[in-house]
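Enquirer: I'll drop the sequence and a predicted model, then ask my questions.
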Amino acid sequence: MTRHLELGRRAEEFAAAWVKKLGWQILSRNFTCRLGELDIVALERKTPEKRENELVVVEVRYRTTGEIQSPSDSIGPKKLRTLVNAGRVYVENIGWTGPWRIDLIGVTASPHDPEDRWRLEHITDITGGNFPV
């Protein structure tokens, strides 16, 4: 495995640990269909603030410190469409009828830093509830 792919895999593990720390249940990792791949799919349980459970598709982006593009800037319209379309397939496959959204977890670090110094940015609902066609 190349160093870049290894760092991406470690960043995904780091993000999954964050999702678990939030108390969410991970339902799937690396779900693949003909329309794309979903890094993490989780269930955010109902809380006093949330009236119902919500399915969350989590896109994980890793960037090294000093790269021109931040993790959040690396998601363009094409990638959003891919996430929405693959998310729709996932939702249909499991028969989910509740609300769902797409979150981004960006991990930024020097490739030589230990994971405890990695910076994590969690952006909730990157589509603003508007799924592009």
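Expert: Sure thing, it's come through. Numbering: from 1, shown residues only.
Enquirer: so where does residue 28 fall, helix or strand?
Expert: Per DSSP states H and E: residue 28 is located in strand 25-33.
Enquirer: In terms of secondary structure, what does the helix or strand bottoming out on mean pLDDT in the chain contact?
Expert: Ranked by mean pLDDT, DSSP states H and E, the weakest helix or strand in the chain is helix 3-21, scoring a mean of 88. Of the remaining helices and strands, those touching helix 3-21 by 3 or more Cβ pairs under 8 Å, 6 or more residues apart in numbering; DSSP states H and E are strand 25-33, strand 36-44, strand 54-64, strand 100-109, strand 119-123. All C-beta spots, glycine's among them, are computed from the backbone N, C-alpha and C.
Enquirer: right, and those strands - which one's nearest residue 93?
Expert: When the helices and strands packed on helix 3-21 are compared by Cβ to Cβ, strand 25-33 sits nearest residue 93, at 8.0 Å.
Enquirer: how big is the angle separating that closest one from strand 36-44?
Expert: 170 degrees (axes from the mean of the first three to the mean of the last three Cα atoms, to 10 degrees).
Enquirer: Adjacent strands (with direction) for strand 25-33?
Expert: strand 36-44 (antiparallel) (DSSP bridges).
Enquirer: tell me the angle the partner strand makes with strand 100-109.
Expert: Using the same axes, to 10 degrees: strand 36-44 against strand 100-109 is 100 degrees.
Enquirer: What residues sit buried inside strand 36-44?
Expert: For strand 36-44, burial by neighbour count (16 or more other Cβ atoms under 10 Å) applies to 36, 38, 39, 40, 41, 42, 43, 44.
Enquirer: likewise stretch 125-133?
Expert: Going by 16+ other Cβ under 10 Å, stretch 125-133 has these buried residues: 126, 127, 131.
Enquirer: how close does residue 93 sit to residue 102?
Expert: According to Cβ to Cβ, to the nearest Å, residue 93 and residue 102 sit 17 Å apart.
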